[in-house]
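*Asks:* here is a sequence together with a model predicted from it:
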Amino acid sequence: MSYLTPDALARFRDTERATQAMVVAFAVGLVATYVHPLGLVVGGALLGGTASSVREAVVLGSEFGVTVLLAWAGLLVWYGVLGAVATAVPLIYIALASALAVPPLAAVAVRGLV
């Protein structure tokens with residue numbers, strides 16, 4: 001626990017309501033990512049704030065990034081452009097790297113500080 005962590009937040013992370021807060025943070029992050037790519041940071045940061053350890057923050061951030069990628073692939077299939085987007089090689093690498101790296105980094109940054 002960081003010396004910056006308020007006692008109330010430290011106690012909250014050990015309760016059952018922390019799991020409910022993680023679900024809400026996950027949903028808010030998905031909606032924020034649908035609106036703007038900075039939602040990856042928002043989702044990771046919210047999940048990092050509810051994580052009980054740094055290791056859990058990394059796992060939650062990674063799960064969030066993979067879920068965003070799967071949802072994005074589903075939307076691309078829905079619109080029928082998955083093949084065209086998948087062949088835009090330099091751009092798809094940036095999308096994959098950002099979805100897999102940004103949420104865990106945001107989660108670890110928030111959890112490491114608070």
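*Replies:* Cool, the structure landed.
*Asks:* show me where the chain has helices.
*Replies:* Ranges of helices in the chain, per DSSP state H, are 7-12, 17-35, 39-50, 54-79, 82-86, 89-113.
*Asks:* what's the most buried one of those?
*Replies:* Mean neighbour counts were compared across those using mean count of other C-beta atoms under 10 Å; the top stretch is helix 39-50, at a mean of 24. Bear in mind the C-beta positions are built from the backbone N, C-alpha and C, glycine included.
*Asks:* residue 87: neighbouring residues, count only.
*Replies:* Using other C-beta atoms under 10 Å, residue 87 is surrounded by 9 other residues.
*Asks:* from residue 37, how far out is it?
*Replies:* Residue 87 is 21 Å from residue 37, where distance means C-beta to C-beta, to the nearest Å.
*Asks:* ditto for residue 27
*Replies:* Counting by C-beta to C-beta, the gap from residue 27 to residue 37 is 17 Å.
*Asks:* same check on residue 99?
*Replies:* As judged by C-beta to C-beta, residue 99 and residue 37 stand 9 Å apart.
*Asks:* swap in residue 58?
*Replies:* With distances taken as C-beta to C-beta, residue 58 is found 21 Å from residue 37.
*Asks:* for the helix or strand of the chain with the lowest mean pLDDT, C-alpha coordinates in PDB please.
*Replies:* The helix or strand of the chain with the poorest confidence is helix 7-12; it has a mean of 74 (mean pLDDT, DSSP states H and E). In PDB, the C-alpha atoms belonging to helix 7-12 read as follows (Å, rounded to 0.1, in the frame of the first residue of the first chain):
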ATOM      1  CA  ASP A   7      -7.500   4.400   4.600                       C
ATOM      2  CA  ALA A   8     -11.100   4.300   3.300                       C
ATOM      3  CA  LEU A   9      -9.900   3.300  -0.200                       C
ATOM      4  CA  ALA A  10      -7.600   0.600   1.300                       C
ATOM      5  CA  ARG A  11     -10.600  -0.800   3.300                       C
ATOM      6  CA  PHE A  12     -12.800  -0.600   0.300                       C
END
